[in-house]
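S.K.: Here's my sequence, what's the structure:
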Amino acid sequence: MIYEWIEKNVQLQNVAEKTEAFFRSRNFKVIAEEQPGNWVVSAAGHDKERTYVVFVKIHGASADFFVEFDRNIQEHFLKFTGTASLFGLGALARRDLDKVAFLEDLERDFWLYMEDFLTSKRASRPNDVTKA
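M.R.: Just a heads-up that it's a prediction; the model follows:
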């Protein structure tokens, strides 16, 4: 999903640092990298059965910028889960659906965290650009 914030006047580095803090608070390993015109924050976490990888891209200017949350889910694999259940592979499909649910919850919490941070900077609500 991508959100656009308008008239925020916040340094993109601060947004990247807050993004890092969000993932670190959830025991993810995090790398933030400044690239020409944007920041990319890569986060990886795991539990006993799964590894989670998330990318957050921050681009634009201090006043108006976009934040993109990429859950790194391959859509064609999700389509496979229904077919897998028909052939007795339901346990595998269930595990992958659990991963998707975890990442959806993580993304929801991330947007609430970012909105709270940007609101504390006298920011208005984001404009929803696209839903992925």
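S.K.: need the next SSE after the helix or strand bottoming out on mean pLDDT in the chain, C-terminal direction.
M.R.: Least confident helix or strand of the chain, by mean pLDDT, DSSP states H and E, is helix 75-86 with a mean of 48. Sequence order places helix 90-120 as the next helix or strand after helix 75-86, per DSSP states H and E.
S.K.: State the mean pLDDT of that next one.
M.R.: Averaging pLDDT along helix 90-120 gives 83.
S.K.: For that helix, name the packing helices and strands.
M.R.: strand 2-5, helix 12-24, strand 51-60, strand 65-70, helix 75-86 (3 or more Cβ pairs under 8 Å, 6 or more residues apart in numbering; DSSP states H and E). No exception for glycine: its C-beta is placed from N, CA and C like everyone else's.
S.K.: Listing partners with orientation, what would you give for the first one?
M.R.: In this case it means strand 2-5. Here strand 2-5 has these sheet partners by DSSP bridges: strand 65-70 (antiparallel), strand 127-130 (antiparallel).
S.K.: repeat for the third one
M.R.: Listed by DSSP bridges, the sheet partners of strand 51-60 and their directions read strand 38-46 (antiparallel), strand 65-70 (antiparallel).
S.K.: which residues are contacting that strand?
M.R.: Outside strand 51-60, the residues within contact range by Cβ atoms under 8 Å, 6 or more residues apart in numbering are 4, 12, 15-16, 19, 23, 28, 37-46, 65-72, 99, 102-103, 106, 110.
S.K.: measure Q11 to F65 for me?
M.R.: Using Cβ to Cβ, to the nearest Å, Q11 is found at 10 Å from F65.
S.K.: try F117
M.R.: For F117, the distance to F65 - Cβ to Cβ - is 13 Å.
S.K.: Find residues that contact each of these two.
M.R.: Joint contacts of F117 and F65 (Cβ under 8 Å, 6+ apart) are V15.
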